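Engineer: Sequence and computational prediction follow.
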Amino acid sequence: MDRVTDLPEDFPGQHPAWVSAATQPADPDQVNDYDAFAEAYSAETENSILNEHWARSSILALVGDVAGRQILDAGCGAGPLSAKLRDRGAVVTGIDASAGMLAIARRRLGDDADLRVVDLRDPLPFADGAFDDVVASLVLHYLEDWRPTLAEIRRVLRPGGRLIASVNHPFVEHLTQNPRPSYFATTSYTDAWTFNGQSFPLTFWTRPLQAMTDAFTAAGFRLAVISEPQVDPAARELFPDDYQDCADKLAFLVFVVEVPPSAPGSGR
């Protein structure tokens, strides 16, 4: 779907300069092919206000003390969030569908890092209760159906474990589509991400907030936090021209959902 072009300039759904609405149907074989632009994407987003100082910082603000905790970084990409969690003392395993992104992550994290090519639509190659936490930064909105993925994440979390997940804000996604579908429907749209003059199609799925919370509870999670994060105030000095433009806008939703603790006498 195309994006509306008559919105006010300060509408909160602004995208980076390298993102625009797709103008022609995307080849299914090329959609969401991060291997094709892994290096360029990693370089573009490494320290950007949107990714580093808004999306990743919002996860870190909610994750708290992770020293000694086993954490699965689901959709770890080039590994920037994994690195920050490891610096806080977590034992991190990273998975991503893109081997190209994982190659960058391995350069960052070292040859001994536990990194695996895994598509979140498939069963996870881990034992039941293997992790204390799962983080999923800007990943779930690539999936049409959350149910099998959330069921697998629930399976690999220990009792009392948490999923901390961020997605594009559904209100923003709804208002920037043209023609605008029903807010209550689960729909997709395709953007073109352009690096070095070459364009790559990315397809995202948007669904209403209630569909998201229903999916979490249906998978056996207990909702703990729904956050509409603001850009990290530390970005003010780094991005003086962009900070105020972002400070009052919506971009993401972040959820913290928990696995209920074991009943007394049931073990871990």
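Structural biologist: Alright, I've got the coordinates. Residues are numbered from 1 along each chain as shown.
Engineer: center of the protein, which residue is that?
Structural biologist: With distances taken as CA atoms, centre = their mean, the residue of the chain nearest its centroid is Leu138 (1.3 Å).
Engineer: ok, which stretches of the stretch 151-268 of the chain are strands?
Structural biologist: 157-168, 177-178, 187-195, 198-206, 222-227, 252-258 (DSSP state E, counting those that start in this stretch).
Engineer: quick one: strands adjacent to the third one?
Structural biologist: By that I understand strand 187-195. strand 19-21 (antiparallel), strand 198-206 (antiparallel) (DSSP bridges).
Engineer: Grab the nearest non-local neighbour of Ser98.
Structural biologist: Excluding its sequence neighbours, the residue lying closest to Ser98 (CB to CB, 6 or more residues apart in numbering) is Tyr34, at 3.8 Å. C-beta coordinates here come from the backbone N, C-alpha and C atoms, glycine included.
Engineer: surely that neighbour meets Ala103?
Structural biologist: No. Between Tyr34 and Ala103 there is no contact under CB atoms under 8 Å: 11.1 Å.
Engineer: Neighbour count for these two, which is higher?
Structural biologist: Taking neighbours as other CB atoms under 10 Å, Tyr34 and Ala103 compare with Tyr34 leading, 21 against 15.
Engineer: so who does the more buried one touch?
Structural biologist: Tyr34 makes contact with 41, 77, 96-98, 100-101, according to CB atoms under 8 Å, 6 or more residues apart in numbering.
Engineer: From Phe221, how far off is it?
Structural biologist: Going from Tyr34 to Phe221 by CB to CB, to the nearest Å gives 27 Å.
Engineer: can you check Leu124 too?
Structural biologist: In terms of CB to CB, Leu124 sits 16 Å off from Phe221.
Engineer: count of neighbours near the residue nearest to Ala247 when sequence neighbours are not counted?
Structural biologist: Closest residue in space to Ala247, ignoring its immediate chain neighbours: Val231 at 5.8 Å, by CB to CB, 6+ apart. Number of residues near Val231 (other CB under 10 Å) recorded here: 24.
Engineer: Quick check on Val231: phi, psi?
Structural biologist: With angles defined as degrees, to the nearest 10, Val231 sits at phi -60, psi 140.
Engineer: wouldn't it be in contact with Trp54 here?
Structural biologist: Yes. Under the contact definition of CB under 8 Å, Val231 touches Trp54, with a separation of 4.7 Å.
Engineer: Show me whatever sits in contact with both of these two.
Structural biologist: With CB under 8 Å, 6+ apart, Val231 and Trp54 have common neighbours 246, 251.
Engineer: ok so, going back, Serialize the strands paired with strand 187-195 to a markdown table and add fields for mean neighbour count and mean pLDDT.
Structural biologist: Supplementary listing: these in a markdown table, determined by neighbours: other CB atoms under 10 Å; pLDDT from 0 to 100:
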| stretch | mean neighbour count | mean pLDDT |
| --- | --- | --- |
| strand 19-21 | 15 | 65 |
| strand 198-206 | 18 | 91 |
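Engineer: coming back round to it: mind picking the one among the contacts of Tyr34 that's closest to Pro260?
Structural biologist: Set against Pro260, the nearest of these by CB to CB is Asp96 (28.7 Å).
Engineer: Tell me, how many residues neighbour that closest one?
Structural biologist: Residues contacting Asp96 under the criterion other CB under 10 Å number 27.
Engineer: which residues touch it?
Structural biologist: Applying CB under 8 Å, 6+ apart, the residues contacting Asp96 are 34, 75-77, 102, 105, 115, 117-118.
Engineer: And for Leu223?
Structural biologist: 213, 216-217, 255, 257.
Engineer: Can I have the buried ones of these as a PyMOL selection?
Structural biologist: Per 16 or more other CB atoms under 10 Å, the buried members of these correspond to this PyMOL selection:
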select buried, resi 216+255+257
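Engineer: Which one of the contacts of Leu223 is nearest to Val134?
Structural biologist: Val134 has its nearest neighbour among the contacts of Leu223 in Val257, at 9.8 Å by CB to CB.
Engineer: Grab the nearest non-local neighbour of that closest one.
Structural biologist: Val257's closest residue in space is Phe221 (CB to CB, 6+ apart), at 3.8 Å.
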